[in-house]
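Asker: Model the following, please.
(2 chains)
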Amino acid sequence: MTRTLVMALATACIASLAAGATTAPSSAAPEPIKLAAILSTSGPSAPLGVPESNAVKLAEREINAHGGINGRPVQFDIVDDGAKADVAAQLATQMIASGHVAIFCGTRTDTSAAVARVTAAANVLQLYTTPTESLWHTPRGVVKNVFQVNPRDQLEAISLLSFAKSRLHAKNVAILHDENLYGTGGATIATAEAKALGINVVAQESYPGTATDFTPQIVKLRGAKPDAVVLWGATTTPGLAIKAARTLGLNVPILGSSGILSPAILNVAGGGAAGEVYSASPLAGAPSAEQRAFASLYDKEYHQPIVSFAANGWDAAQIIFAALREAKGKTDGRSLASALEGGKELPLVDGTYKFSPSDHNGLVPGDVHIAKANNGTWGNP
Amino acid sequence: MLQLLIAGLTVGSEYGLIALGIHIILRATRAVSFAQGEFAIVGGLIALSIVDALHVSVWIALAGATLAGFALGIAFERVVLRPAGRAGETGATIATIGTVFVLLYGHALVPSWGSEPHPFTPFWPSSNVTLSLSKGEPPLVIPAQSIWVAALLAVALVALYLFFERTYYGKAIRAAADNPLGARLIGIDVRSTRAISVGLGIALAAYAGTIIGPITLVGGAAGFALTIKGFVAAILGGLESPVGCVAGGLVVGVLEALVTAQFGNDVAEPIVYALLLVMLLVRPQGLFGRRDAVRD
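Answerer: Numbering: from 1, shown residues only, chains lettered A, B, ... in the order given. As a prediction, the model looks like this:
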């Protein structure tokens, strides 16, 4: 019985091998270039990760429709880290082991930082989208393989505080920030830029990401009598801060980082957003040709207007494609990074990127524009 | 100062209701339910869905969410606590921690809920009460919803008091919690009283999540932090004392608001949690508990 079974299995194996030999194409199709996107498409950062993921899918489809890269199709595998840094790092290890030559990670600063340790050790190119620049710009120098999409914190801070000084005539500002890496880093940079512009920082308060009541922070900021409040945070929580500020009579202009630039935050703030609430984004102002083209593609596919996170996802994918084109077949992290550092201008949705060995963000303050909340949407001030 | 007191009492009311739920479930099952905060989140989301889908008043949504919380509690006892409890009280407590993550990630999968918090309709569409106490000082603002939270906390407490003191079922639940064997001997169905107790505890959480919703939003990922604050409140007031649980919640809420305003959020969080350790070391029965209530 056993002997019969073994014979049958052996025959089946030989038959399948023979069938494979007869059906194999005479010339093999080019192998796809495998890329990975490790994004937070579930968990608290899903409102950011989902549009990023949508944009990556669109970018993959478009590049393949136009012949791929150097004649090879692109395979962009998107996986969900659930907004967890340890999960993101594990996924990065798996992706690199399975032949993915560049990683787009990710949605959050903590997940991106965890993956940066993995990509540095494996010499793999990494793109990330949060404004925190410390992932590539460290006290020890520039991290060769890590590049940043989206204007870095410093550009946002310069834009917001210059606006506060020139247009709002603010002399004293208060800073309210999330206690996470994004909020704390942003607050530090905003403080430095305020000083550089001759603006006094009269109070600084933080809040946990799960904050539900902002009364203590707002009471303290109100007591410092600022001319404007700089709010550095993301997700919907800052909407509660805006609401509390208006409820408690803190009616000065609020200048938020790009993390607050979503209609959901204005929905949470409700009537509180009726006062002067500003934010900074490359998508504010008159749309560029690249922004119009991407908005049209995105709307056709998803029937939605573009948000900054979708723009970031699209730009991250395009920068990886550009690096692969320029590196002419080489796919290791150093070669791809050197290709980007060559300084070729890349006009994309968030602005015209021009990377160099000392600048892995490649954008300038002029790429960031001020947006103003108006009736639940963001528009020009 | 008064402004902070109002904010602290409002948030503290929610902590108190969470603590009270922990107390009721602990008395009936000897397990600490770490899932109370998540059930509060789910309760608020159920209320949101009722308002959105049926276009009914928020009061009907509150009743619906509380009833749904009760039903969820009965199911929670039957499906999770009872089987896990066979391995002992520790097993049941650990099962509640597992439930936290099932609810946290599970509710995010519901398309209309997602992982982000949502605004919720105020209970009364009136403006806030503004009082000018002294010239040159900012006025005292009492959010209308804070008044409703205080009133609805009182309603819940009176209803629970009447249930436990004046009804047959309430007395049976207390008897079964105090002495399960004795209760069985006089014909009380201890399994049923345990299920009803857990149902009440979860209903309280759903009620809390709904009444605070217009202030703090409904949904999101703040459930576990809420549980821990409720647990601190219960330890502070006394795990075995219902009055202590509510009072503990109010104290934690006010303390948190005052310390945050004075020293910042960085200091407030460790102080609130340090309070837990201090109480366990110095007065484990809590401010309102009896010494003999502490078990070895």
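Asker: buried stuff in the host helix or strand of A:A269?
Answerer: Assigned by DSSP states H and E, A:A269 belongs to helix A:263-269. Using 16 or more other CB atoms under 10 Å in any protein chain shown as the test for burial, helix A:263-269 gives A:264-266, A:268-269. C-beta: built from backbone N, CA, C; applies to glycine.
Asker: Tell me which two in those residues are the farthest apart.
Answerer: A:A264 and A:A269 (9.8 Å; CB to CB).
Asker: Quickly list what's touching both of those two.
Answerer: Common neighbours of A:A264 and A:A269 (criterion: CB atoms under 8 Å, 6 or more residues apart in numbering or on different chains): A:G239.
Asker: which intervals of the chain have sub-threshold pLDDT?
Answerer: Just so you know, I chose chain A. Residues of chain A meeting the criterion pLDDT under 70: A:1-28, A:272-274.
Asker: hm, I was asking about chain B
Answerer: In chain B, residues with pLDDT under 70: B:126, B:291-296.
Asker: which stretches of it form strands?
Answerer: B:129-131, B:140-142 (DSSP state E).
Asker: Including distance to chain A, could the ones you listed go into a markdown table?
Answerer: Output for the strands of chain B, formatted as a markdown table (distance: least, CB to the nearest CB, whole Å):
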| stretch | distance to chain A |
| --- | --- |
| strand B:129-131 | 9 |
| strand B:140-142 | 6 |
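Asker: so of those, which one's packed in deepest?
Answerer: Across those, averaging neighbours per residue (mean count of other CB atoms under 10 Å in any protein chain shown) puts strand B:140-142 on top, at a mean of 18.
Asker: Indicate each strand paired with that one and its parallel or antiparallel sense.
Answerer: The pairing partners recorded for strand B:140-142 under DSSP bridges are strand B:129-131 (antiparallel).
Asker: Which residues does the strand it pairs with contact?
Answerer: So strand B:129-131 is in contact with B:139-142, B:144, B:147, going by CB under 8 Å, 6+ apart.
Asker: Apply 10 Å and report the result again.
Answerer: A:247, A:249, B:2, B:6, B:138-144, B:146-147 (CB atoms under 10 Å, 6 or more residues apart in numbering or on different chains).
Asker: just the buried members of those residues?
Answerer: A:247, B:6, B:138, B:140-144, B:146-147.
Asker: Save those as CSV, and put in distance to A:L35 too.
Answerer: CSV is the format used below for the buried ones among the contacts of strand B:129-131 (distance: CB to CB, whole Å):
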residue, distance to A:L35
A:T247, 47
B:I6, 53
B:P138, 54
B:L140, 57
B:V141, 52
B:I142, 55
B:P143, 50
B:A144, 53
B:S146, 51
B:I147, 56
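Asker: which helices and strands does the helix holding A:A269 pack with?
Answerer: On a contact count with 3 or more CB pairs under 10 Å, 6 or more residues apart in numbering or on different chains; DSSP states H and E, helix A:263-269 meets helix A:237-247, strand A:277-281, strand A:369-374, strand A:377-379.
Asker: Can you give the contact residues for it?
Answerer: Against helix A:263-269 from outside (CB under 10 Å, 6+ apart): A:47, A:231, A:233-246, A:254, A:256, A:259-260, A:262, A:272-275, A:277, A:279, A:305, A:307, A:373-378, B:116-119, B:217.
Asker: do that again at 6 Å, thanks
Answerer: For helix A:263-269, contacts defined as CB atoms under 6 Å, 6 or more residues apart in numbering or on different chains pick out A:236, A:238-239, A:242-243, A:273, A:373, A:376, B:119.
Asker: From the residues you listed, pick the one nearest B:F231.
Answerer: A:T236 (25.8 Å).
Asker: In this structure that closest one contacts B:E116, no?
Answerer: Yes: the pair A:T236 / B:E116 is scored as a contact, 5.4 Å apart, by CB atoms under 6 Å.
Asker: which one of those two has more residues nearby?
Answerer: In this view A:T236 and B:E116 are compared by other CB atoms under 10 Å in any protein chain shown, and A:T236 has more residues nearby, 24 against 20.
Asker: got the contact list for the more buried one?
Answerer: A:T236 makes contacts with A:264-265, A:268, B:116-117, as judged by CB under 6 Å, 6+ apart.
Asker: how about stretch A:121-133 as PDB, C-alpha atoms only?
Answerer: The C-alpha coordinates for stretch A:121-133 follow below in PDB (Å, rounded to 0.1, in the frame of the first residue of the first chain):
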ATOM      1  CA  ALA A 121      21.800  47.600   9.100                       C
ATOM      2  CA  ALA A 122      20.700  46.000   5.800                       C
ATOM      3  CA  ASN A 123      21.700  48.900   3.600                       C
ATOM      4  CA  VAL A 124      18.300  49.400   2.100                       C
ATOM      5  CA  LEU A 125      16.800  52.700   0.900                       C
ATOM      6  CA  GLN A 126      14.000  54.000   3.200                       C
ATOM      7  CA  LEU A 127      11.500  56.800   2.600                       C
ATOM      8  CA  TYR A 128       9.300  58.200   5.400                       C
ATOM      9  CA  THR A 129       6.600  60.800   5.500                       C
ATOM     10  CA  THR A 130       6.400  62.500   8.900                       C
ATOM     11  CA  PRO A 131       7.800  66.000   9.300                       C
ATOM     12  CA  THR A 132      10.300  64.900  12.000                       C
ATOM     13  CA  GLU A 133      13.800  65.200  10.500                       C
END
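Asker: Report how many residues lie close to A:G141.
Answerer: 10.
Asker: Against chain B, how distant is it?
Answerer: Applying CB to the nearest CB, to the nearest Å, the value for A:G141 to chain B is 30 Å.
Asker: about what we covered before: could you say which one of the strands of chain B comes nearest to B:S197?
Answerer: strand B:140-142 (35.0 Å).
Asker: gap between the closest one and the chain center?
Answerer: Relative to its parent chain, strand B:140-142 has a centroid offset of 25 Å by CA atoms, centre = their mean, to the nearest Å.
Asker: can you list the residues of chain B near chain A?
Answerer: B:3, B:7, B:11, B:115-117, B:119, B:138, B:141, B:216, B:221-222, B:225, B:257, B:260-261, B:265 (CB under 6 Å from any CB of the partner chain).
Asker: please redo it, this time with the cut-off set to 8 Å
Answerer: B:3-4, B:6-7, B:10-11, B:105, B:108-109, B:114-117, B:119, B:128, B:138-139, B:141, B:143, B:212, B:215-217, B:220-222, B:225, B:256-258, B:260-261, B:264-266, B:268-269 (CB under 8 Å from any CB of the partner chain).
Asker: Closest one of the buried residues of helix A:263-269 to chain B?
Answerer: A:V268 (5.4 Å; CB to the nearest CB).
Asker: Measure how buried A:K220 is and give me the count.
Answerer: Residues within reach of A:K220, counting by other CB under 10 Å, total 19.
Asker: For it, give me its contacts.
Answerer: Here A:K220 is in contact with A:203, A:205, B:261 (criterion: CB under 8 Å, 6+ apart).
Asker: A:H360: which of these is nearest?
Answerer: For the contacts of A:K220, the nearest to A:H360 is A:E205 (31.6 Å; CB to CB).
Asker: for the closest residue to A:P131 other than its chain neighbours, what are its contacts?
Answerer: Using CB to CB, 6 or more residues apart in numbering or on different chains and skipping residues adjacent in sequence, the residue nearest A:P131 is A:D153, 4.6 Å away. Neighbouring residues of A:D153 by CB under 8 Å, 6+ apart: A:131-133, A:185-186, A:189-190, A:257.
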